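*Asks:* here is a sequence with its predicted model. Questions after.
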Amino acid sequence: MSEIDECYSSPCRNGGTCRNLINSYRCDCKPGWSGVNCQEDANECDQNLHDCQQICLNIHGGFSCGCDDGFSLNDDGKTCSVDCPPGTFHDLTTDTCEYCPVGEYQDQPCEVGWAGSHDGLTCGLDGDQDGYPDVPLPCNDTRCNKDNCPGIPNSGQDNADGDEMGDACDDDMDNDGFLNIEDNCPLLVNVNQTDSDSDGVGDVCDNCPTDINTDQRDTDGDGVGDVCDSDADSDGIIDTQDNCPFMANDEQEDSDGDGIGDVCDNCPMVANVDQSDLDQNSIGDACIDNADSDADGIPNSSDNCPDIPNSQQLDTDKDGAGDLCDDDDDGDTLVDDVDTCRLVPSLDNRDFDGDGVGDVCTGDFDMDGVPDADDVCPESGVIARTDFRNYQTVDLVGSSDNPPVWEFLNEGTEIVQKANSDPGLVLGPDNFGNLDYRGTVFVNTQVDDDFVGFVFSYQSNSRFYLMSWKQAGDSSGGQAGVQLKLVNSTTGPGDDLSLALWKGEEVPGQTKLLWEDPNKVGWSYNTAYRWELKHRVDIGLIRFRLYSGSLLVVDSGDVLDASLRGGRLGVYCYSQENVIWSDLVTKCDGNTPST
């Protein structure tokens, strides 16, 4: 008589495995089940077959973990953490609730090295210091979302192909099979790589596909590049008839009759068709007299407040007297000391809630259309947001065949420089007086050891403050560590200035060393550093701090120098490739920094 295979009828239940035996069978049950045919629910909790930290709950075919009162289950579904009240976080190393680290600035509520909710009640570690936490946080703010590229700063969180990896750390950002380095449209799928004008930008992403424009400049942001846009500034006047084709000016005012509109004329009261500006200070050579009593970068001849630093030249009521030396900024006959809306005419001067800000200008003090909470300069109708896209480049060699290669991301608050280049700057369009300037710098390579940094109070290509940071010293005089320099060059861009910028020591006629890090700490590859600069031009005070995570790496203390009292901001590099300046923030601020 032949052996019967009892497993043929599948006697084992709930996924159990049947093994045929002589005149019998056996079921090997899956975890959670027991009995002859695996039909009995095992009690893992009673049999200590679980890995719950606090409470085990038996369920049909398995178990579930729970926590005691005052604790919550962690994401692993097994361990428990103490419930922390609002304004605190759970420190896993000590298993305690700690107060969230609070930032120094109202718009940066979490401490340096952390990111999270706008109220500062929920913060998480931010390893690359781009404003997004390394892990998701339990809050609804966008800044509570997990960083899609936690190792490389990418403050815009751009993600062209919609996968889980941000563009900054994705080798094929558009997922079209072409690596970014060889893709002429790295953000848009274009398997044919067609480039009709051979400018290196593929047709599908070229804003002028039949006109060469590698820089893809688009002044009015309408998607049509300047070189093929008949009205590049969208002011309703075609470029061939527009006396300022790249700055909106529908009234076409031209005070000096030189064919160049006042809003873009670097000498609006002196005819100068060539617009020559050899020192790149945005003031034409034809109207500069070199006398600048208040050192704000505006010559006395055109300064609307020549004895008080006011590089922005704010003149709200257009009466020719700058706001800083005008006792009635808005011209409404109420002097500024009693005017609750100093920049907006309001004869009744009503202030219903008595907070010192008039009803007319509550919420938007300068009435520029940007709420004060979002306005980086709420008392200036000229500056509202940080944006470096309307940029100017400065070649510090004079004439370089190896200039920096700049790229702008996140609406102008992130800058990338890709080349191992000669020394150069890129500047934003706005002038600042008293200010806070902060951002993250990151060298995204393992190559070279040269200079990164930033500039402030830029007044010309011969006069500006420079924070210069080198990784390592060298035989050519380069010195490791942070240096704060006043560049006041008698020669201007050229070999002499270029050599002086390399050297760690002071070079007469070119650079003055204001402060240097006594520890000579150099930057490290693939490491995010957050800087915070305070410059108070009215008292000539400079204060600079540099952080790695929340660790203070460099602190200049109070440096006093009143040589330059206002100007433009930018970033700097010299012979160092693949540098990222991320999460840039510029703010007008007159508060004196605390020690």
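*Replies:* Yep, that arrived. Quick caveat, the model's predicted, so the values are computed rather than measured. Numbering: from 1, shown residues only.
*Asks:* helices of the protein, start to end?
*Replies:* 495-502 (DSSP state H).
*Asks:* by mean pLDDT, flag the weakest helix or strand of it.
*Replies:* strand 102-105 (a mean of 51; mean pLDDT, DSSP states H and E).
*Asks:* OK, contacts around residue 23?
*Replies:* Listed by CB atoms under 8 Å, 6 or more residues apart in numbering, the contact partners of residue 23 are 3-4. C-beta: built from backbone N, CA, C; applies to glycine.
*Asks:* that one and residue 5, how far apart?
*Replies:* Between residue 23 and residue 5 the distance, using CB to CB, to the nearest Å, works out to 11 Å.
*Asks:* what does residue 283 give?
*Replies:* 98 Å.
*Asks:* ditto for residue 154
*Replies:* Counting by CB to CB, the gap from residue 154 to residue 5 is 62 Å.
*Asks:* same question, residue 156
*Replies:* Taking CB to CB, one finds residue 156 at 65 Å from residue 5.
*Asks:* burial measure for residue 263, as a count.
*Replies:* Residue 263: 17 surrounding residues under other CB atoms under 10 Å.
*Asks:* that one touches residue 247, doesn't it?
*Replies:* Yes. Between residue 263 and residue 247 there is a contact under CB atoms under 8 Å: 5.0 Å.
*Asks:* in stretch 332-347, what's buried?
*Replies:* For stretch 332-347, burial by neighbour count (16 or more other CB atoms under 10 Å) applies to 332, 334, 339-346.
*Asks:* now flag whichever of these is closest to residue 226.
*Replies:* residue 343 (33.0 Å; CB to CB).
*Asks:* now do the same contact list for residue 340.
*Replies:* With CB under 8 Å, 6+ apart, residue 340 has these contacts: 346, 349-351, 356-358, 361.
*Asks:* filter those residues to the buried ones?
*Replies:* 346, 351, 357-358, 361.
*Asks:* and these, which two are the farthest apart?
*Replies:* 346 and 357 (10.9 Å).
*Asks:* quick one on the thing from earlier: so between residue 154 and residue 5, which is more surrounded?
*Replies:* Taking other CB under 10 Å, residue 154 and residue 5 do not tie; residue 154 has more neighbours (27 against 10).
*Asks:* nearest spatial neighbour of the more buried one, skipping sequence neighbours?
*Replies:* Among residues not flanking residue 154 along the chain, residue 168 sits closest, at 3.7 Å (CB to CB, 6 or more residues apart in numbering).
*Asks:* the one you found: what's it in contact with?
*Replies:* Residue 168 neighbours (CB under 8 Å, 6+ apart): 149, 152-154, 158.
*Asks:* model confidence score at residue 110, please.
*Replies:* What the model reports as pLDDT for residue 110 is 88.
*Asks:* what's around it, how many residues?
*Replies:* With neighbours defined by other CB under 10 Å, the count for residue 110 comes to 26.
*Asks:* where does this structure dip in pLDDT?
*Replies:* 1-2, 60-61, 84-96, 98-108, 592-595 (pLDDT under 70).
*Asks:* for the residue nearest the centre of it, what are its contacts?
*Replies:* Residue closest to the average C-alpha location in the chain (CA atoms, centre = their mean): residue 583, at 1.7 Å. For residue 583, the contact set (CB under 8 Å, 6+ apart) comprises 129-131, 153, 155, 413-414, 439-440.
*Asks:* next: residue 207.
*Replies:* For residue 207, the contact set (CB under 8 Å, 6+ apart) comprises 213, 216, 218, 223-225, 228.
*Asks:* and the buried ones among those, selectable in ChimeraX?
*Replies:* The buried residues among those can be selected in ChimeraX (16+ other CB under 10 Å) with this line:
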select :213,218,224,225
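*Asks:* mind checking the backbone torsions on the closest residue to residue 590 other than its chain neighbours?
*Replies:* Closest residue to residue 590 apart from its sequence neighbours, by CB to CB, 6+ apart: residue 434 at 4.4 Å. Taking degrees, to the nearest 10, you get phi -60, psi 130 for the backbone angles of residue 434.
*Asks:* and for residue 296, the neighbour number?
*Replies:* Neighbours around residue 296, by other CB under 10 Å: 26.
*Asks:* over to residue 581?
*Replies:* Residue 581 has 26 neighbouring residues, counting by other CB under 10 Å.
*Asks:* repeat for residue 138
*Replies:* Using other CB under 10 Å, residue 138 has 9 neighbouring residues.
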